[in-house]
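*Asks:* fold the following for me, if possible:
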Amino acid sequence: MKYDVAAKVILDMSKEAILRRFLKMDPSTIQQIEELPEETFSLRRSDFPLHVFLKDGGEVIVLLEIQTVFSPKFVLTLIDYVVRFKMKYDLKVIPLVLLLTYSSQATGLYEDDLLIFKYHVVRLWEEKSSDFMDEIWLYPFLPLMEGDETVLEKAEIKIYENAGMSIERKGDLLTAMAIFAGLKDRDLAVRLVQRRRDIMIQSPIYELIKTEGLEEGKIEGKIEGKIQGRIEGRIEGKIEGKIEGKIEGKIEGLYEAISLGLEIKFGSDSLALMEKVLKLKSIEKLEEIKEAIRVFSKLDGVKKLL
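*Replies:* Next up, the predicted model:
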């Protein structure tokens with residue numbers, strides 16, 4: 001859910017770049033459609049339906065969908081959307097799915113004994129991040145693409161130094177980069193936050209994700225007289241605070257990596273475990289916990305190590 005919410009915020013800024021790069025469109029005006037035709041209480045809304053007016057005078061409906069994890073059943077829902085928008089607007093309807101994580105099932109074609117349905121799918125892991133350096137509004141998706149961290153660092157700098165962009169917009173882009181990086185590499189997400197947290201804390205994305213149920217977590221205190229500080233849980237990689245005391249840099253880095261990993265994967269409530277984590281002084285044990293956060297899908301697996 002948290003990734004989808006962040007993606008929808010970014011889509012509002014990047015929709016023109018998405019249409020241009022992935023559908024080869026040349027839009028003059030893009031209007032978001034607020035209501036799903038003949039919507040019922042049992043039918044969820046399409047992620048980002050767009051009424052696109054092209055520079056050549058044409059009009060199309062683009063159903064822009066975000067999928068963190070692909071499900072074949074989702075395609076049936078997508079078919080329903082296409083039919084409803086086609087019936088209401090009597091225009092060409094183009095379904096476009098941005099898939100954030102790997103799936104071999106997202107082929108762009110659905111076929112059974114009754115129908116054949118084609119849809120556009122962008123498998124982000126197949127794209128090369130270096131090919132999108134000219135599209136600043138698509139930078140949040142770069143961590144999900146093929147490429148090394150040097151490309152991301154260049155992208156961060158271009159956002160950071162952009163004189164024509166508001167600090168809130170910069171925060172949105174950088175925060176989303178860190179959130180999506182967490183889908184691929186938790187340590188990468190930590191590094192992104194460490195480099196650009198001063199801008200990320202300005203992002204209104206935080207407020208939006210809070211409404212989706214992520215609550216701000218706070219851990220304050222002094223552990224064994226050596227660590228005093230404040231760790232504030234921020235959405236998908238926004239952690240403010242500092243850990244003070246007589247502690248080696250390696251252990252301090254692991255504390256921060258674990259707290260960020262817990263926040264990203266299990267939500268801010270999981271930061272309650274940090275009270276026990278901060279009592280550990282073994283680098284091997286802390287490394288084991290950090291790896292467990294990456295491997296286990298449920299928090300119970302991490303709790304067993306504490």
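
*Asks:* going forward, measure contacts between C-alpha atoms and count neighbours the same way
*Replies:* Noted.

*Asks:* show me where pLDDT drops low in the protein?
*Replies:* 1-5, 35-46, 204-249 (pLDDT under 70).

*Asks:* need the single longest helix in it, by residues.
*Replies:* If you go by DSSP state H, the chain has its longest helix at helix 2-22.

*Asks:* tell me which other helices or strands that one touches.
*Replies:* strand 27-32, strand 59-67, helix 167-184, helix 205-211 (3 or more Cα pairs under 8 Å, 6 or more residues apart in numbering; DSSP states H and E).

*Asks:* list of residues touching the helix or strand following the longest one?
*Replies:* Right, the one you point to is helix 167-184. Using DSSP states H and E, the next helix or strand after helix 167-184 towards the C-terminus is helix 186-200. Helix 186-200 has contacts (Cα atoms under 8 Å, 6 or more residues apart in numbering) with 167, 170-172, 174-175, 177-182, 237-240, 257, 260-261, 294.

*Asks:* how about stretch 63-76?
*Replies:* For stretch 63-76, contacts defined as Cα under 8 Å, 6+ apart pick out 3-4, 7-8, 46-50, 82, 93-103, 105-106, 110.

*Asks:* among those, which ones are buried?
*Replies:* When the contacts of stretch 63-76 are checked for burial by 16 or more other Cα atoms under 10 Å, the buried set is 3-4, 7-8, 46-50, 82, 93-102, 106, 110.

*Asks:* coming back round to it: got a markdown table for the helices and strands packed on helix 2-22, with distance to Phe74 and mean neighbour count too?
*Replies:* Below are the helices and strands packed on helix 2-22 laid out as a markdown table (distance: least, Cα to Cα, whole Å; neighbours: other Cα atoms under 10 Å):
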| stretch | distance to Phe74 | mean neighbour count |
| --- | --- | --- |
| strand 27-32 | 21 | 15 |
| strand 59-67 | 9 | 21 |
| helix 167-184 | 20 | 24 |
| helix 205-211 | 23 | 17 |
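
*Asks:* can you list the ones you listed in JSON lines and add distance to Gly147?
*Replies:* As requested, these are exported to JSON lines (distance: least, Cα to Cα, whole Å):
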{"stretch": "strand 27-32", "distance to Gly147": "29"}
{"stretch": "strand 59-67", "distance to Gly147": "21"}
{"stretch": "helix 167-184", "distance to Gly147": "12"}
{"stretch": "helix 205-211", "distance to Gly147": "26"}
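
*Asks:* so Ile94 is in which element?
*Replies:* Per DSSP H and E: strand 92-99 holds Ile94.

*Asks:* just want the angle from that strand to strand 59-67.
*Replies:* 20 degrees (axes from the mean of the first three to the mean of the last three Cα atoms, to 10 degrees).

*Asks:* neighbouring strands for strand 92-99, and are they parallel or not?
*Replies:* Sheet pairing of strand 92-99 (DSSP bridges) gives strand 59-67 (parallel), strand 120-123 (parallel).
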